[in-house]
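Engineer: need coordinates for the following:
(chains A and B)
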Number of protein chains: 2
Amino acid sequence: MKNTPKGSSPFPELQGAALQQGLWGLIKNRNYTARLFRQDLSAALIVTLLLIPQSLAYALLAGLPLQAGLYASILPAIAYALVGSSGVLAVGPVAITSLLTYSALNPLAEPGSSEYLMLAILLALMSGMCLLLMGLLRMGFLANFLSHPVMSAFVSASALVILLGQVKGVTGIPIESGTLPVQLLSLVESFGQLHGLTLLLGLGCVLFLLVMRHFLVKWLLKLGVAAGLAALLARMAPLILLILTTLLVAFSQLDEQGVKIVGKLPVGFPELALPSLSNHWLLSLLPAAMMISLIGFAESVAIARNFAAKRRQQVNPNRELLGLGLANLVSGASGAFPVTGGLSRTVVNHDAGAVTPLASFLTGLGMALVLLYFTGWLYYLPQAMLSSVIIVAVLSLIDWKQLPYLWRYSRGDAWAWLATALGVLLLGLEIGLLLGVLVSLAAWLAKNSHPHMAIVGRVPGTEHYRNVQRFKVEVEPEILSLRIDESLMFANAIEVEQRILVELSNRKEVRHVILMGSGINHIDASGVEMLEQLNQLLDEQGIALHLSEIKGPVLDRLKRSHFLKLQTGKIFLTQHQAVAELTRVA
Amino acid sequence: MKNTPKGSSPFPELQGAALQQGLWGLIKNRNYTARLFRQDLSAALIVTLLLIPQSLAYALLAGLPLQAGLYASILPAIAYALVGSSGVLAVGPVAITSLLTYSALNPLAEPGSSEYLMLAILLALMSGMCLLLMGLLRMGFLANFLSHPVMSAFVSASALVILLGQVKGVTGIPIESGTLPVQLLSLVESFGQLHGLTLLLGLGCVLFLLVMRHFLVKWLLKLGVAAGLAALLARMAPLILLILTTLLVAFSQLDEQGVKIVGKLPVGFPELALPSLSNHWLLSLLPAAMMISLIGFAESVAIARNFAAKRRQQVNPNRELLGLGLANLVSGASGAFPVTGGLSRTVVNHDAGAVTPLASFLTGLGMALVLLYFTGWLYYLPQAMLSSVIIVAVLSLIDWKQLPYLWRYSRGDAWAWLATALGVLLLGLEIGLLLGVLVSLAAWLAKNSHPHMAIVGRVPGTEHYRNVQRFKVEVEPEILSLRIDESLMFANAIEVEQRILVELSNRKEVRHVILMGSGINHIDASGVEMLEQLNQLLDEQGIALHLSEIKGPVLDRLKRSHFLKLQTGKIFLTQHQAVAELTRVA
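Structural biologist: Below is the predicted model:
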């Protein structure tokens, strides 16, 4: 089998091959029809409408001027469409990277200040460089070390941090940013600054969005709306809410009673400008840039893979790194902050019928039109509505049920989950993630250190050999057959040897030991050393050491060691052959 | 199978049970005969004679007053005999721990000064505490993480460092201690201070010892001496040389011509005294104390295990930790430095016929007699002779052949060896060891990340399924049978899924995928998540996902996950049953 997925799509569908070469491939592909174009166009329109409130909300979350959210939705989407390998992935501002941006920059500058904006731009550029570098060095595999429990806990805990931060937006209570205890303490201390009208508006928005999400589809279906359209309409709830709350504020002049509004957004594109660089900033932003790259990539490629598989396409991780890298570079160059592929918009894009990267390209153009002609319409939009969009979005990210599930399934994974979640909540995002990765590795090594070993016997009448404790099997008294269900490696070599010797000490009549290697996937140098020593010790007791069911690659490697020259016994293709030959001889 | 070796010896030999309870068990054991006592006594005598030059040499190596070597050979040997679980292990000063002591203390105080001695005592006490703590917390398994290549490289590189350090003793050239480049530079710079007479004496000693080691046994055998006695006599070469050189210096008055001699050693026991403690010293010595404990334990327990297996006995790692911990505590309390079990003396002890810990106990008493009555005899012993003992001892520890062997066998292990060796030589002992452990772990994870997978088919006429690329086998077109030769875990879950999808993309006719799990020893939470997702993706393509040959413990765990509820296919006991049933249905 090949080590890497092939470059071309394995499913000979219309747009398969073209997709693998990004938008350029598409343009050259003559099979792209007007019908497909209409699908891409309508998907782009719907995603654009959804993006208006979302992009503003994520800029708010990142602590940036709201227009930065619009900037982050134009060129990055277009850049990804040109290079990326997924036909449906929607790249732009998302919750987790916005939070990571905020948590990296908040200690360095005042949110909203021009220095803060400059640092956000720098962070986007550096993330872009990290991603491109990872792509060029083919280091996408690094994301695999973020195990499922670690990512799940990181997202859940981050969502909780985001949630608490947005309580400010829907209550007016100023909440200090920081770890969970800091946030909670600040919430309690400043509770007196609750702003009644903001609270009413905020709670109303959250309630509206939750009701729409959970019941609208059901209602629409009852009214006879087609299922696909109903789902799409339900996803448009934020846009409906945007219009409703803007009209409400505009006509009731709620802004004069202390409800914060978006206000005047600058029209048109910002000047493309690179921030002034200083080594000091570069060094202090580097860890955050690396973390945003890694997590953004891990999340994004998981989404892209999932949708690609649904469409029988393939995602090329290194092309993804280049696409996301470029997207972040142009995001920084256009005055915005780090971006990545987002789940909710990708779902909408897919449901709305997007077939090729052109949908993403057109979404970028759509957002450019919004920026040029429609920002004035957002003047009265209350910020509480944006906070409610964030709150409802991240509510679905919190998945506490993982912990009891993992606890039942595998303690090591549960510890990794707990370490990550508690680390993020109590010590900060970076430390939490690092802690989780370390606990994952330790849990894995601990598993490797205590291998499962089983004495096996023959299932009567067959050629199969199974655990004597689980099956009724036949054993020969002078043969000890042991199945080792683990690779032999430094962390377990000594224990394996000791346990074999202990088993032997209870069986004086044994003349042959057969190690059944169906579970041995590797034997490292410490493992070979152990086998050689075991072979010698058994030899001194007049016992021969045999191996059976050794896999091809393991045997190939053993041939390069001293073991085969020293071995007192034989190597048998199957356990059955081993027992048959040894009993015939005996 | 039990997880830990049993407490009692499995081999019903005379002293088996008693040995497991240390010297106390022995005293209660009525089967201990006068014949066995004579064996222990003669072994003790021979080891004591060998210990005289060795103990002085290792004190010299550790940068301590020579009598400290004698102190380190009395109470530690007795303490270990009372508690340890090996009947033959000889505990006392050894080369590696002496070097570790020197390298830890040399930056903190002037070797030979009273402050240096105080720190050495403190280091021994702290190492003792570390070992006892590891024993009480049952953390002996930590030593398993020092892989065979890492230990091999560490010992070889340390031996080279020791060797260069002792060039001073046999040439008179003052060589700065430190990393290899520092030593070499200093050797070149100070070459002018070569002392001819010392060089002559030193080279003579080294040559004598090498010749004795390599040829004496052969000569003695030719003279008709019994093989065992010949080997023992050859091991006594250092004692013979000690007598010869002492007489030579005494009668030729070489000390007046600049040859350094041992001089006057204090007679009798030092006062048992604890050094004054300060937090500053405790903190700066802690890393070295931990490292000495870990490496001392790893080396010592490997030796003890090897000899125990030869005698069909068992070693209890936690009892070893307690024994070595106590030995280091009493070493510190008696004014000496860290100790551990040494290979060469254990070999002599074993060859000389030691059967019980009483041999070790008597050795301690023998060294006490030397200290009380014979130190005056060592006045004229030239230090060059002690250096030659060290040089010849560590020469046999250098094993460069490991590297090409490892390179052939497994690149990851070879890199771990290289990282350790170069780290020790260029960056220092601690960093070298840490580097080696990290590279070992990374190499292991890298192996886990790229699993071997094989498409399997039936060996005609049998129930066995083998790699289609290695064997002539039969395959059914509508069934894709894939053997995954690795546990499913976070570092490889995504790659495994992708590779299965790629294989499927080339086989349109496949309706059933069977994952053959004989090589799957664990499935962690990320692995289950992958299986669930794969199951769903295949379902959408009308393909059923089956598992076969899943091991009991893995299946037990899977039952606690969601996978079995979602699975579209079945779980088969054997690959053959799976194929038989699926072809019958199809």
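
Engineer: you'd agree A:Val456 is in a helix?
Structural biologist: No - A:Val456 sits outside any helix when classified using DSSP: H, G, I helix; E, B strand; the rest coil, being strand.

Engineer: chain A: strands as residue ranges?
Structural biologist: Along chain A, counting by DSSP state E, strands occupy A:91-92, A:340-341, A:452-458, A:465-467, A:479-485, A:512-516, A:544-548, A:571-572.

Engineer: separation between the closest residue to A:Leu164 other than its chain neighbours and chain B?
Structural biologist: Leaving aside its sequence neighbours, A:Leu164 sits nearest to A:Gln183 (Cβ to Cβ, 6 or more residues apart in numbering or on different chains; 4.5 Å). No exception for glycine: its C-beta is placed from N, CA and C like everyone else's. Distance of A:Gln183 to chain B, given as Cβ to the nearest Cβ, to the nearest Å: 29 Å.

Engineer: and the pLDDT at the residue nearest the centre of chain A?
Structural biologist: Centroid-nearest residue in chain A, with Cα atoms, centre = their mean: A:Glu299, separated by 3.3 Å. In the predicted model, A:Glu299 carries a pLDDT score of 90.

Engineer: again with A:Gly112
Structural biologist: Predicted confidence (pLDDT) for A:Gly112: 85.

Engineer: that one is in contact with A:Gly63, isn't it?
Structural biologist: Yes - at 6.7 Å, A:Gly112 counts as touching A:Gly63 under the criterion of Cβ atoms under 8 Å.

Engineer: compare these two (neighbour count), which wins?
Structural biologist: A:Gly63 (25 against 11; other Cβ atoms under 10 Å in any protein chain shown).

Engineer: which residue is the nearest non-sequential neighbour of that one?
Structural biologist: A:Pro111 is the one closest to A:Gly63 (Cβ to Cβ, 6+ apart), at 3.3 Å.

Engineer: and that neighbour, how many neighbours does it have?
Structural biologist: 16.

Engineer: if we can go back for a sec, for the residue nearest to the centre of chain A, give me its contacts.
Structural biologist: Listed by Cβ atoms under 8 Å, 6 or more residues apart in numbering or on different chains, the contact set of A:Glu299 reads A:94, A:96, A:151, A:155, A:340-341, A:343.

Engineer: same question, A:Tyr380
Structural biologist: A:246-247, A:249-250, A:255, A:261-262 are the contacts of A:Tyr380 under Cβ under 8 Å, 6+ apart.

Engineer: and for A:Val528?
Structural biologist: By Cβ under 8 Å, 6+ apart, the residues touching A:Val528 are A:488, A:558, A:561-563, B:409.

Engineer: what's the answer for A:Thr101, then?
Structural biologist: A:62-64, A:120, A:123, A:288, A:292, A:337-338.

Engineer: domain ranges for chain A, per the record?
Structural biologist: A:33-399, A:414-448, A:450-585 (automatic domain parsing).

Engineer: buried stuff in the shortest one?
Structural biologist: It stands for domain A:414-448. For domain A:414-448, the neighbour count (16 or more other Cβ atoms under 10 Å in any protein chain shown) marks A:414-425, A:429-430, A:432-437, A:439-441, A:443-445, A:447-448 as buried.

Engineer: hmm, it touching chain B?
Structural biologist: Yes - applying Cβ under 8 Å from any Cβ of the partner chain, one finds domain A:414-448 touching chain B at A:440-441, A:443-445, A:447-448.

Engineer: looking at the residue lying closest to A:Trp281 once chain neighbours are set aside now. What's its pLDDT?
Structural biologist: Nearest residue to A:Trp281, sequence neighbours excluded (Cβ to Cβ, 6+ apart): A:Leu122, at 6.1 Å. Looking at A:Leu122, its pLDDT stands at 93.

Engineer: how much space between A:Leu122 and B:Phe374?
Structural biologist: Using Cβ to Cβ, to the nearest Å, A:Leu122 is found at 75 Å from B:Phe374.

Engineer: tell me the buried residues in stretch A:292-310?
Structural biologist: Quick answer for stretch A:292-310 (16+ other Cβ under 10 Å): A:292-309.

Engineer: mind checking which of these land in helices?
Structural biologist: Taking DSSP state H, the ones among the buried residues of stretch A:292-310 that sit in helices are A:292-309.

Engineer: state the mean pLDDT of stretch A:65-76.
Structural biologist: What stretch A:65-76 shows for mean pLDDT is 95.

Engineer: now the end-to-end length of that stretch.
Structural biologist: Stretch A:65-76 has an end-to-end distance of 18 Å (Cα to Cα, to the nearest Å).

Engineer: ok, now stretch A:268-278?
Structural biologist: 29 Å.

Engineer: hang on, the earlier thing: from the contacts of A:Thr101, pick the one nearest B:Gly169.
Structural biologist: The shortest approach to B:Gly169 among the contacts of A:Thr101 belongs to A:Ala288, at 54.5 Å (Cβ to Cβ).

Engineer: OK, contacts around the closest one?
Structural biologist: Shown in contact with A:Ala288 (Cβ under 8 Å, 6+ apart): A:100-101, A:103-104, A:123, A:430.

Engineer: buried subset of the contacts of A:Tyr380?
Structural biologist: Using 16+ other Cβ under 10 Å, the buried members of the contacts of A:Tyr380 are A:246, A:249, A:255, A:261-262.

Engineer: using CSV, please lay out these together with distance to chain B and pLDDT.
Structural biologist: Listed next are the buried ones among the contacts of A:Tyr380 as CSV, based on distance: Cβ to the nearest Cβ, whole Å; pLDDT from 0 to 100:
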residue, distance to chain B, pLDDT
A:Thr246, 41, 94
A:Val249, 44, 93
A:Asp255, 47, 87
A:Ile261, 43, 91
A:Val262, 40, 89
